[in-house]
Structures are given as structure tokens and as C-alpha cells.
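Visitor: need coordinates for the below:
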Amino acid sequence: MGLVGSTYLSLDGVEDLIVYESHAFVLVSNQLRVYDISVPDTPMQVGVLENVDSFRISLAIDEAGEFVYLADLGSLRAYSVMDRQNPVFSGFVNFGGSDNQFPVRVAVRGANAYVVSGEGILRIVDISDPTAPELLSVTPTGPENSIYNMIVGDGYVLLNQRIAGREGSFFALDVSDPRTPFHIPDAAPIAISADAVIAGDLLITNDVYDGKGGVSLWDVSDLRSPIRRAGLPPCSGIATDGNRVLLANCSPDGIIETALTAFDISNPDDPDFLGTVANFGVRNLGGLGGERAVMYGGGDQFEDFVTVFDVSTQISAEGKTTELGAQSWGLVLDCAGDLDAVYVATEERGLLEVTDIETGCPEIHEIGQLPLGSGTPAMASLALTASALFVAGGAGLEIYGRRSTGELDAKTIVTLFGGIQDVSAYGASIALLDDIGRLHILSTDDPQAPEFRGSIMIDPAARSVALGASAAYVAAENAGMSVVDLGDPTKPEVVATVPTPARALDVTLIGTTAIVHDESSIVAIDVAVPASAAVVAALPLTFSPLGQEPARFASVTSIGNTVYAARIDGVHVFEVAMSGALQRLGSVAELTEGFTVVGDALAIANRSAFLVYPAHCPGTFSIPMSY
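Guide: Prediction:
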């Protein structure tokens, strides 16, 4: 079980989402979108219906998966989705009445749809003919604004009410005759949480039982005498297919909150733990379709994602491989390396060179102090080519020549631009991003005598640059990613600005795709035509479980079509398709302040250790259970 795909939606957030087999139906930005999730690593939008009012809407689908029903302010609308690529409006029924009829929940069972609204009224609609839905009954259930969930079973409806500020009041209706529902006064009360679900006669709900909060499995075959079969950890969302239950953001060990935890409930008296996936920030569990679970949202940083999990297998966890020795060198500021050596910029011990990595017996050498300057916090950036090592910092730029053996040669100091927070090299050019957001382009035909070509102001918040053949790409926090045309490097020009879901922190380049590591995600941007750069895919990342500010360290690099995105909590590994689609390969959970990829090894540096993992075997990037 693991997170395998995600797709970026919009900056407006998801209103509602349901899953039916291999498709997800999403309400977002006044659109009904249809996503094919049969290939989970690349959720693909296959259909869309425009101009669907998505304010205070609840969504349901019929048992055949042919019609989607939208309950909105005062009506129920039916849309045919038999052709997934072309959803079309079929019919509606108008409820009329007050302005407080926003739907709390809509559900479909058999030939009827059930809509409970904010005014405390249950409406039952005959949908046997979706082109002409018929309102069968209108039943008051409680005070206005009292209902916050509805469960529809076989011949009954269960409602949970909030009365006088108290949640958990229970209300049961017999709907065996949908035209004349009536209250079941002697039904035993059960707390039906906002995320409760039902499968057959098994009601699964977040409640409080015997003084403890958690998920309960209730047998409600007899509403007058329900039986609690088992208890599970509390969570923020529930989905079930009758044989398994998925819990969003629960804590199976009572300590670590996870994104998704699965239990086998084929025997509801003894649920069997199947596995868990680390917290990737998403909060809401949209549904379960076959071997695919879909989540969305999670606060401001994740409202714009639909994320797909493969739940066909249990999760496996493999630990780290080899720790190659511990040092104490203070805060790590950056890393760069190749097969000859890894260079580590540290706050206390300056520039370090690590050699003989692949032998398993690395040697660490001190090269010299960094050009840090007096600024706080300290900043340093490294870029490495076959012929030079570029070391940028608060006091300027230092350039070390490299011999054919990989050994460093004479050092050149460039102080022309003052404080430099990032450097990127491509061919015989480098791009420098200074500490006030200006981009400088230099020719390095002779690394010992770099030649200034041109500069341009980007944004005061700009913090990272990736240099390509004819353009530079700048991550500028809230300003997103800027595309700078370098057709004439003496006159750089910003030709596009691409918004990102959260603050853009770092950027790298794979062919015609720019990969941005923002505060919440990895974003793929098509830059084949730089002036028309646009987001094509995105995957959310975890928040740090180490109690650190996620933006304190965020770095991204690429080797071939593999992307390595590092945060303070570890390194996440992705594969990038030609289309820009992203597939998550796995993660390494380790305190990370600097990292680089060297041949077949991933090197991670932090203030007390230098660690190496095999880099091109995705199985070694499983998420440890202690993560």
C-alpha cells in the first residue's frame, strides 16, 4: 500500500469528491471533472462539465455508476456520466423554500436519492427516471442547522444532530415507504460522525465508547439493539468496500499520525491490520474504488490536490543501509558531488570534500572556509561541473578549478555581486541569484576568469535558480516560478511567471520540464515553449515529523528522469514521464540538511552524520514504520 499518484487541480480547492471503480468525480472551480485513476501514478482528467455551481454542493453516484447527483441550494440535479469523457445534464427537481437549504449530505440507494439539508429537513427523491426526478416526501428532522451527517441503510435513515451545541444526538427514520417516512422512537442511539459510512449492516463511525474516542464497528441489523463488534483508532476520514476499511490520518500506534491506514474487516469482530502510509498532508478521504483510494485537501497547502493511493498490497518498510561515519560540523548548508567526490558546505568547518564513497570507506577532507560573509542566517550554495566547483555565499563567489582526476585546483574569488544565495551551472555559463533577488549571468569559458554577461531583477523573495541552454528558471516563493529568456544573455528577459500551489523554494530542470519544490508539493512545469510555461502535474509532500519548519530546508535535483526532493524530514524520490507526469518511487526518512546523488548512491548530510543509500532501487525507498 502506498501513495502512487497525485494531480494538481486549481487554487480554489475541492468542494466534494466521490469514487466509483476506476474513476473519481470531483467538484472544483465550478466544474464537474472526471478522472481516470486506473493508472494510479498518473491520474488523468478524461472529462469535464463546465458551469456547475460548486458552492455548498454535495455529490453522490448511483449504484450502477451511470448518473451523478448534485444537491445544491434548493435542488437536486442529475448528470449522466455513462460517457466518462462527456458528462451531460439530465434533469433536476426544485425544492423551493428557505435560503438555508444547503445540503449536508446526499446519498443514493436503489431508485431513490436522499438529501438532508441545513434547515433540518430530509427530502426523498425518486430517481428511477434521472431526466425527471420526482420529490416523494419532505420530513422535518430537527431544528434548523442541526444535521451534520446522514447514513442510508436498507429501509432506514440515520441522522446525527447537533442540538444546543451538543453533537451526537441520534435520530432514526423508517423509510421503507419513501412517501411516508416516520420516526423510530425506540432505536438505540449511536454517535454518527461526519465521516461515518455503512456497508450492509455494518456501521463504521468515529465515536466515544467506554470513555475513549475512536472508530467503532457497529452491527445495526437491529436498530433497537445494535452490537459493537470492534474498535479502531480515531481518524479524520473513513472509507470501506465492505471487506476493508481505510482510515485517514489515524494513529495506529497512538503516536505517529498517518495519511492512510487499512484494516481487513471481513471478520468485524477481529479486524486485521493491513498497513499504513506516512502522512503526506492530505486530510479528506474521498472514497475507495477497487484497489485505489483517493484523498483530497488538507488545509491551505493541500486543498488543490487529488491524491491516489494503491491499496492492493500491504506496506513494507526497509531501513537505511549504510552509515558511513559521524562527524560534527555544524549546520550543513549545501551538497554537490559526482563519482569523484562529494562537497559539503558546513557552517562551522567550511567546505568539506568526501571521497571514496563507493568503497564504503569514505574519507573527509577540509578544503577551506566558505565565503559566508556576516549575514544571518548563513547561506552557501554549490554547483559542480567536470572542470570547476562553484562555491557561492554571503561574501561572493569562489571558483575552484578541477583537474581531470577530479582534484581541486587553484581558487578564483569573485566579489562583484555581494551576497549570493544560489548558483547554477550549464555548459560554459553560470547563473547567480543574489540576496536581493537579482539574477546574474556569467560566461565561464575560462573558469578562472569568468566574464559578466548580463543581469535582471526577479523578485526580492527569489531563492533558487536552475540554468538551461537558453533560459533560466527562478523559484521565487509567493511569486511562483519565473522564466527568464537568455537568447541574448546580455539582455535577460522575464517571459513567463507560473504560480505554484505554495511558496516556490527550489527548482531543477529535466529536459523541457522544470521541477519546482514548493512548500507543500513537487510541481512539474512544461517549459518546452518558455513563454508559455504551465503546470502539468503535482504531487504533495509530507510535513516534517521532526517539529521543524518545512521551509527551513527544501532542495530538489535530478538525474536522468529521476527527481530527488529533500526536506528537513528526508528525501522523496519521483520519476518524471515525457509528458511531465510524476510517479512517486519512495522516500528515505532521515534528518536532511544537504544531499546529492553520486552514481548509484544517494548521499545525505546533516550536522552529525554522512549517510549513503542505494539510489536506483525504488524498493529501498520504502517509508520506515517509525517515520
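Visitor: which parts of the stretch 151-300 of the chain are strands?
Guide: 156-163, 166-174, 182-183, 197-199, 202-209, 212-219, 227-232, 237-240, 244-248, 258-264, 272-278, 284-289, 292-296 (DSSP state E, counting those that start in this stretch).
Visitor: now the nearest residue to residue 199 once chain neighbours are set aside: how far from residue 61?
Guide: Leaving aside its sequence neighbours, residue 199 sits nearest to residue 242 (CB to CB, 6 or more residues apart in numbering; 4.1 Å). Quick note: C-beta positions are derived from backbone N, CA and C, even for glycine. Between residue 242 and residue 61 the computed distance is 17 Å (CB to CB, to the nearest Å).
Visitor: quick one: which of these two has more around it?
Guide: Between residue 242 and residue 61, counted using other CB atoms under 10 Å, the more crowded position is residue 61 (19 against 12).
Visitor: just to check, the more buried one is in contact with residue 21?
Guide: No - Residue 61 lies out of contact with residue 21 (CB atoms under 8 Å); the separation is 10.1 Å.
Visitor: pretty sure residue 82 sits against residue 61.
Guide: No - Residue 82 is not in contact with residue 61 according to CB under 8 Å; the separation is 11.6 Å.
Visitor: now do the shared contacts for the two.
Guide: Any residue near both residue 82 and residue 61 by CB atoms under 8 Å, 6 or more residues apart in numbering counts here, and that gives residue 67.
Visitor: show me what the residue sitting nearest the centre point of the chain bridges to in the sheet.
Guide: What sits nearest the mean C-alpha location of the chain, by CA atoms, centre = their mean, is residue 540, with 1.9 Å. Note on residue 540: beta-bridge partners residue 521, judged by DSSP bridges.
Visitor: mind checking the end-to-end distance for stretch 439-451?
Guide: 15 Å (CA to CA, to the nearest Å).
Visitor: who touches residue 52 in this structure?
Guide: 27, 30, 31, 32, 70.
Visitor: please name the nearest non-neighbouring residue to it.
Guide: Nearest residue to residue 52, sequence neighbours excluded (CB to CB, 6+ apart): residue 32, at 4.7 Å.
Visitor: likewise residue 243?
Guide: Excluding its sequence neighbours, the residue lying closest to residue 243 (CB to CB, 6+ apart) is residue 266, at 5.0 Å.
Visitor: give the next helix or strand downstream of the helix or strand of the chain with the lowest mean pLDDT.
Guide: Sorting the helices and strands of the chain by mean pLDDT, DSSP states H and E puts strand 322-326 at the bottom, at a mean of 37. Next helix or strand after strand 322-326 toward the C-terminus (DSSP states H and E): strand 332-337.
Visitor: just checking: what are the partner strands of that following strand?
Guide: Short version: by DSSP bridges, strand 332-337 pairs with strand 342-346 (antiparallel).
Visitor: which residues does the helix or strand following the strand it pairs with contact?
Guide: Counting by DSSP H and E, the next helix or strand C-terminal to strand 342-346 is strand 350-355. For strand 350-355, contacts defined as CB under 8 Å, 6+ apart pick out 329, 337, 340-346, 362-370, 391, 408, 603, 610.
Visitor: contacts only, for the residue of the chain positioned farthest from its centre.
Guide: Within the chain, residue 180 marks the point farthest from the mean C-alpha position, 45.7 Å out by CA atoms, centre = their mean. By CB under 8 Å, 6+ apart, the residues touching residue 180 are residue 137.
Visitor: tell me how far it lies from residue 124.
Guide: Taken as CB to CB, the span from residue 180 to residue 124 is 10 Å.
Visitor: any common contacting residues for the two?
Guide: In contact with both residue 180 and residue 124: residue 137, using CB under 8 Å, 6+ apart.
Visitor: in the stretch 351-500 of the chain, what spans have low per-residue confidence?
Guide: 357-362, 375-376, 415-418 (pLDDT under 70).
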